[in-house]
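*Asks:* Here's a sequence, model it:
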Amino acid sequence: MKKIWSVVNRKPLGLLLALSLAAGVSGPLQASGVLERVAGGGKLVIAHRESSIPFSYVDADKKPVGYAVELCLKLAEAVRKKTGAKNMQVEFLQVTPANRIAMVAEGKADLECGSTTNNAERRQKVSFTIAHFITGARLLVRADSKIDRIEDLEGKKLVSTKGTTPLKAAEQANRERLLRITILEAPDHAKAVDMVEKGEADAFVMDDVLLFGLAANRPKPDALKVVGKFLTTEPLAIMLPKDDPEFKKLVDDEMRRLIVSKDIQPVYDKWFLRPIPPNDKPLNLPVSYLLRDFWKYPSDFVPF
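*Replies:* Purely as a prediction, here's the structure:
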């Protein structure tokens, strides 16, 4: 068997499946990485979210759409070209804030295309490519609320989405500043907004771009507002498996090409400056100075 693999590893990716069959190996190819698996006829699995507008969500037809989803489809095309797998199947897998990291770490998804922050804790389990957005956590409150900063929530109720970095930041601020805030967890972003609208929570802490997107697509968007200073700085990036250097290099190279060539700009404009589903309303969020500066020297490195 060692002899078989020494021959296989010298061959182009597109020949792996044929060689394994010729050697009498039954069953699916036990590839060491995503590119080998795809070259052998395997599918590429893209994880997406349900309500992370405008990054990754489902439209009225239950089809995954969004800024990150569109970028992931461009990455999928790079995989198809690299492997020569013209008939490569792309499968979508819906994930939640609570299970998204595990889905990638356990090999159930190859790319997680959502609104996930690249940080040191998560890099213990998964890898990230170059950031496609930089944001920060702020507060979503009802339009008639007098809350303007996290200190105004003393003794009140604050909700955030389970498994997110803004939730941890809120918990830390609550401990350090002795604010006596009751912190609630919601299973997803849409539920958290619903809790604010119904008065079950006084504010929702989350990345501000998501808050703008969620509010814009509610039945009464003017009934909500985004307030407060940034609690965090969040570089959002696509997740991929941790120990697959060949796949990561391909993804990084393609993300860098999209940024340097400015091919990413029309994709950004489509989702942040123009009307988007489901309510065909624009977010009117041009590229921030933070993201513009970051894209001058695109890298997967972040200092935290």
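*Asks:* what's the spacing between residue 200 and residue 137?
*Replies:* 20 Å (C-beta to C-beta, to the nearest Å). Every residue, glycine included, has its C-beta placed from N, CA and C.
*Asks:* Ok, residue 98 next?
*Replies:* Residue 98 is 18 Å from residue 137, by C-beta to C-beta.
*Asks:* who's more crowded, the two?
*Replies:* Using other C-beta atoms under 10 Å, the more surrounded residue of residue 98 and residue 137 is residue 137, with 28 against 14.
*Asks:* Backbone dihedrals for residue 166, please?
*Replies:* phi -60, psi -30 (degrees, to the nearest 10).
*Asks:* contacting residues for it?
*Replies:* Residue 166 makes contact with 137, 160, 205-207, 231-232, 234, according to C-beta atoms under 8 Å, 6 or more residues apart in numbering.
*Asks:* and of those residues, the nearest to residue 83?
*Replies:* Nearest to residue 83 among the contacts of residue 166 is residue 234, at 32.5 Å by C-beta to C-beta.
*Asks:* Is that closest one bridged to anything, and to what?
*Replies:* Assessed by DSSP bridges, residue 234 has beta-bridge partners residue 135.
*Asks:* I figured it hits residue 168, correct?
*Replies:* No - if you go by C-beta atoms under 8 Å, residue 234 and residue 168 don't touch, sitting 11.6 Å apart.
*Asks:* more neighbours, those two?
*Replies:* Between residue 234 and residue 168, residue 234 has the larger neighbour count (other C-beta under 10 Å), namely 28 against 15.
*Asks:* Distance of the more buried one relative to residue 46?
*Replies:* 21 Å.
*Asks:* likewise residue 173?
*Replies:* 34 Å.
*Asks:* quick one, which of those two is more surrounded?
*Replies:* residue 46 (23 against 20).
*Asks:* how about the more buried one, phi and psi?
*Replies:* Torsion angles, degrees, to the nearest 10, at residue 46: phi -110, psi 120.
*Asks:* beta partners for it?
*Replies:* Applying DSSP bridges, one finds that residue 46 bridges with residue 92, residue 111.
*Asks:* number of nearby residues for the nearest residue in space to residue 236 that is not next to it in sequence?
*Replies:* Of all residues not flanking residue 236 in the chain, residue 133 sits nearest, at 4.3 Å (C-beta to C-beta, 6 or more residues apart in numbering). Number of residues near residue 133 (other C-beta under 10 Å) recorded here: 24.
*Asks:* Kindly report the same for the one 5 residues further on.
*Replies:* Other residues within reach of residue 138, judged by other C-beta under 10 Å, total 26.
*Asks:* I'd assumed residue 232 was in contact with it.
*Replies:* No - taking contacts as C-beta under 8 Å, residue 138 lies outside contact range of residue 232: 9.3 Å.
*Asks:* Overlap of the contact sets of the two?
*Replies:* Joint contacts of residue 138 and residue 232 (C-beta under 8 Å, 6+ apart) do not exist.
*Asks:* For stretch 268-275, the averaged confidence score.
*Replies:* Across stretch 268-275, the average pLDDT comes to 96.
*Asks:* so how far is it from its chain's centroid?
*Replies:* Here stretch 268-275 is found 17 Å from its chain centre; the criterion is C-alpha atoms, centre = their mean, to the nearest Å.
*Asks:* likewise stretch 182-196?
*Replies:* Averaging C-alpha positions (C-alpha atoms, centre = their mean) puts stretch 182-196 19 Å from its chain's average.
*Asks:* same check, this time on stretch 77-91
*Replies:* Relative to its chain's centre, stretch 77-91 lies at 21 Å (C-alpha atoms, centre = their mean).
*Asks:* Next: stretch 82-92.
*Replies:* The chain centroid and the centroid of stretch 82-92 are separated by 21 Å under C-alpha atoms, centre = their mean.
*Asks:* what about residue 198, distance to residue 192?
*Replies:* 11 Å.
*Asks:* cool, residue 167 as well?
*Replies:* Per C-beta to C-beta, residue 167 is found 10 Å from residue 192.
*Asks:* Just want to know which of those two has more residues nearby.
*Replies:* residue 192 (31 against 23).
*Asks:* Tell me the confidence at the closest residue to residue 235 other than its chain neighbours?
*Replies:* What sits nearest to residue 235 in space, not counting adjacent residues and going by C-beta to C-beta, 6+ apart, is residue 131, at 4.0 Å. Residue 131 is assigned a pLDDT of 97 by the prediction.
*Asks:* Quick check: residue 131 touching residue 233?
*Replies:* No - the criterion here is C-beta under 8 Å, and residue 131 misses it with residue 233 at 10.9 Å.
*Asks:* For the stretch 51-200 of the chain, just list every one of the helices.
*Replies:* Listed in chain order, the helices of the stretch 51-200 of the chain (DSSP state H, counting those that start in this stretch) span 67-83, 100-105, 165-177, 189-197.
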